[in-house]
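# Below are the sequence and a predicted model; questions follow.
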Number of protein chains: 2
Amino acid sequence: MAAEKTKQLPSVWARQQREPDQPALSRASIVREAIVMLDADGIEALSMRKLGARLNAGATSLYRHVATKDELMELAVDEIVAEIAVPPAGGPDWRAAATEAAASFRATALRHPWLSSVLGQAGLAYLGPNLMSFSERLAALFTAAGFPEPGRAIDTLLSYVIGMSTTEAAWLTTVARSGETEADFIARLMPAAQQAAAEHDHLAESYASPPADPVEIRDSKFAYGLEVVLDGLALRLAQA
Amino acid sequence: MAAEKTKQLPSVWARQQREPDQPALSRASIVREAIVMLDADGIEALSMRKLGARLNAGATSLYRHVATKDELMELAVDEIVAEIAVPPAGGPDWRAAATEAAASFRATALRHPWLSSVLGQAGLAYLGPNLMSFSERLAALFTAAGFPEPGRAIDTLLSYVIGMSTTEAAWLTTVARSGETEADFIARLMPAAQQAAAEHDHLAESYASPPADPVEIRDSKFAYGLEVVLDGLALRLAQA
DNA sequence: ATGCAGCTGCGCACAGTGTGCGCAAGACCT
DNA sequence: AGGTCTTGCGCACACTGTGCGCAGCTGCAT
């Protein structure tokens, strides 16, 4: 038993060579695997122990490459931000470009729903390289479009996109935790919602409509709000 | 020592009457005290044990009134939502009313920065009574203003407000954790930020401007984006 | 007056969490 | 050949949420 624990057998044959192309443990591999776990089981399922086990390592071994779990999350967020596509600046249609960037942000946030949880706690004060270049590309886009205060326009657009995506991601997480399909979950929630809304005229009416395809509803809701924001921004641009 | 633990002395005189006006433990008092702790020390400082201790009760006693910690958070959120003021519907100026509601939401979110963390994880699927009446009042406001699709207008506005408030709250939480004033924290962060932005032309320029009053900056940033969204909504209203 | 049922609070215990510390073993440079 | 540096790991600590069963109080039925 003690021999098992020390794992150090006297025979050389028992000791296997380490694979050189398998970098064992590295910051990159840790972050990559953390993202896999986060995507699969959500934010509260990620623990250093489980992550270590997934990497054939002890929990505390990870701390050689990552100062703290919070730092790990920062790295994971920055890694994900790289997935957001921002069209190059200088194109003829800034609105189309902004729409594309917004859609890419939303798609990324929905692909990794835990991202919103982290943003809610830590915001965008991360300074990671991918986040910086994301911001830079947005700044280039809006500057080229002629906005006198591109920073404000970006903050406005991003606030909308973050708010809507966060709400959606939280909803999808709740649905996923229930183990049901979205339609089933809605159907099960409906009576409670209608009862809670019974005292409120406008809400009751809005709950009265028959259920439609939830995915389509969310898509068109996002598109509607995005158009509203872009209309407002276009007004600012025209005034400049 | 054993006598201390059982706390049950044989003498009647030692046993003090329970104050009847002190309801000992109740769902309301638990939620109230939880909010106090959340406001004071943030979301990660709230534990059932500490909360119980604050109420002169054991940790597990709370579970008689609250099913789980998550449920406690739901109750706390709904309690806070009651603080958001929405002007009555039917006034002459829907924009002013919407602005007021948005400002009240933001002020509430900044007064209780942990709220954003919870929203990021659970969204608005709560169905609490205060949240329902909040939604109802918004619906009344936008319906009275004449919006053909008040739900979409509300979702758009709320997404912007949530996104901006969440970002702000997260930033303020980070600042608060540092123990410095916001200005000091910014000053300390500046070199790192400038270095990270060095490779990016537009960002470097935006970081080059001298530091201004951060509170004023945030206020005007919020107001700018709000006007943008309301302009976009006004356009929809005019087209109807 | 007596007994019984239900409610409240609590201590114990379990299975987990993040992470500091010190040790062993290998890698690499001198 | 020796010394320094890096990497992984086991142990331990202080803490978390919460299920379980027990003790005492309250109020109602007999």
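Nice, I can see it.
# Tell me if stretch A:114-133 is near DNA strand C.
No: under the criterion of C-beta under 7 Å from any atom of the strand, DNA strand C is not reached by stretch A:114-133; the shortest gap measures 13.2 Å. All C-beta spots, glycine's among them, are computed from the backbone N, C-alpha and C.
# again but with stretch A:52-64, I slipped
Yes: contact of stretch A:52-64 with DNA strand C is found when judged by C-beta under 7 Å from any atom of the strand, involving A:A59, A:T60, A:Y63.
# Quick check on the nearest residue to A:A144 once chain neighbours are set aside: phi, psi?
Leaving out its chain neighbours, the residue that sits closest to A:A144 by C-beta to C-beta, 6 or more residues apart in numbering or on different chains is A:A89, at 4.0 Å. A:A89 adopts backbone torsions of phi -80, psi 160, taken as degrees, to the nearest 10.
# ok, A:A89 touching A:G146?
No: taking contacts as C-beta atoms under 8 Å, A:A89 lies outside contact range of A:G146: 11.2 Å.
# Of those two, which one has the most company?
Between A:A89 and A:G146, counting by other C-beta atoms under 10 Å in any protein chain shown, A:A89 is the more crowded of the two (18 against 11).
# which residues does the residue nearest to A:A144 contact?
Taking C-beta atoms under 8 Å, 6 or more residues apart in numbering or on different chains as the contact definition, A:A89 lies against A:A97, A:R137, A:A140, A:L141, A:T143, A:A144, A:A145.
# let's see it at 7 Å
Residues counted as contacts of A:A89 (C-beta atoms under 7 Å, 6 or more residues apart in numbering or on different chains) are A:A140, A:L141, A:A144.
# Just put the residues you listed in TSV and tack on distance to B:H200.
Formatted as TSV, the entries for the contacts of A:A89 read as follows, by distance: C-beta to C-beta, whole Å:
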residue	distance to B:H200
A:A140	9
A:L141	13
A:A144	14
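# The nearest residue in space to A:E136 that is not next to it in sequence: neighbour count?
Setting aside the residues directly before and after it, A:E136 is nearest to B:H200 in space (C-beta to C-beta, 6+ apart), at 3.6 Å. For B:H200, the number of neighbouring residues by other C-beta under 10 Å comes to 19.
# Past the helix or strand of chain A with the lowest mean pLDDT, which element shows up next along the chain?
Lowest by mean pLDDT, DSSP states H and E among the helices and strands of chain A is helix A:2-6, with a mean of 36. Towards the C-terminus, the helix or strand next in line after helix A:2-6, according to DSSP states H and E, is helix A:27-41.
# buried stuff in that following helix?
By 16 or more other C-beta atoms under 10 Å in any protein chain shown, the buried positions in helix A:27-41 come out as A:I30, A:V31, A:E33, A:A34, A:I35, A:M37, A:L38.
# residue contacts, the residue in chain A that chain B sits nearest to?
For chain A, the residue closest to chain B is A:G120, as judged by C-beta to the nearest C-beta, at 2.4 Å. A:G120 sits next to A:T166, B:S116, B:S117, B:L119, B:G120, B:Q121, B:T166, B:A170 when contact means C-beta under 7 Å, 6+ apart.
# And the helices in chain A?
Listed in chain order, the helices found in chain A under DSSP state H are A:2-6, A:27-41, A:48-54, A:69-81, A:94-111, A:114-122, A:129-144, A:150-178, A:182-197, A:201-208, A:214-239.
# Any part of the second one near DNA strand C?
No: applying C-beta under 7 Å from any atom of the strand, one finds helix A:27-41 separated from DNA strand C by no less than 10.2 Å.
# quick one: contacts of that helix?
By C-beta under 7 Å, 6+ apart, the surrounding residues in contact with helix A:27-41 are A:23, A:45-46, A:50-51, A:54-55, A:62, A:65-66, A:72, A:75-76, A:79-80, A:112, A:114.
# Give me the local confidence score for the residue lying closest to A:P214 once chain neighbours are set aside.
Distances taken as C-beta to C-beta, 6+ apart place A:E182 nearest to A:P214, at 4.9 Å, with adjacent residues excluded. A:E182 is assigned a pLDDT of 94 by the prediction.
# and what of A:A57?
87.
# Please list all residues in contact with it.
So, once contact is read as C-beta under 7 Å, 6+ apart, A:A57 ends up touching A:L25.
# Repeat that for A:A204.
Contacts for A:A204 were tallied using C-beta under 7 Å, 6+ apart; they are A:A197, A:A198.
# Next, count neighbours for A:I80.
As a burial measure, A:I80 scores 22 neighbours (other C-beta under 10 Å).
# hang on, isn't it packed against A:H112?
Yes: between A:I80 and A:H112 a contact is recorded at 5.3 Å, counting by C-beta atoms under 7 Å.
# Poorly predicted segments of chain A, please.
Across chain A, the stretches falling below the confidence threshold (pLDDT under 70) are A:1-24, A:123-124.
# and the gap between the residue nearest to A:P214 and B:I154?
Taking C-beta to C-beta, to the nearest Å as the measure, A:E182 falls 21 Å from B:I154.
# So for these two, which sits in the more crowded spot?
Neighbour totals were compared for A:E182 and B:I154, and B:I154 leads with 21 against 16 (other C-beta under 10 Å).
# mind checking how far that one is from B:G128?
Taken as C-beta to C-beta, the spacing of B:I154 relative to B:G128 amounts to 17 Å.
# what do you get for A:L119?
When A:L119 is compared with B:G128 (using C-beta to C-beta), they lie 23 Å apart.
# Look at those two and report which has more neighbours.
Shown here are A:L119 and B:G128; by other C-beta under 10 Å, A:L119 has more neighbours (24 against 19).
# who touches the more buried one in this structure?
If you count contacts by C-beta under 7 Å, 6+ apart, then A:L119 has A:I162, A:T166, B:G120 around it.
# Same question for A:R137.
A:V86 are the contacts of A:R137 under C-beta under 7 Å, 6+ apart.
# neighbours around the closest residue to A:L235 other than its chain neighbours, how many?
Counting by C-beta to C-beta, 6+ apart, the nearest residue to A:L235 once its immediate chain neighbours are dropped is B:D231, at 5.3 Å. Taking other C-beta under 10 Å as the neighbour definition, B:D231 ends up with a count of 18.
# what do you get for A:E168?
The number of residues packed near A:E168 is 21, by other C-beta under 10 Å.
# Could you list which residues are in contact with it?
When contacts are counted by C-beta under 7 Å, 6+ apart, A:E168 touches A:L110, A:R218.
# 6 Å instead, please
When contacts are counted by C-beta atoms under 6 Å, 6 or more residues apart in numbering or on different chains, A:E168 touches A:R218.
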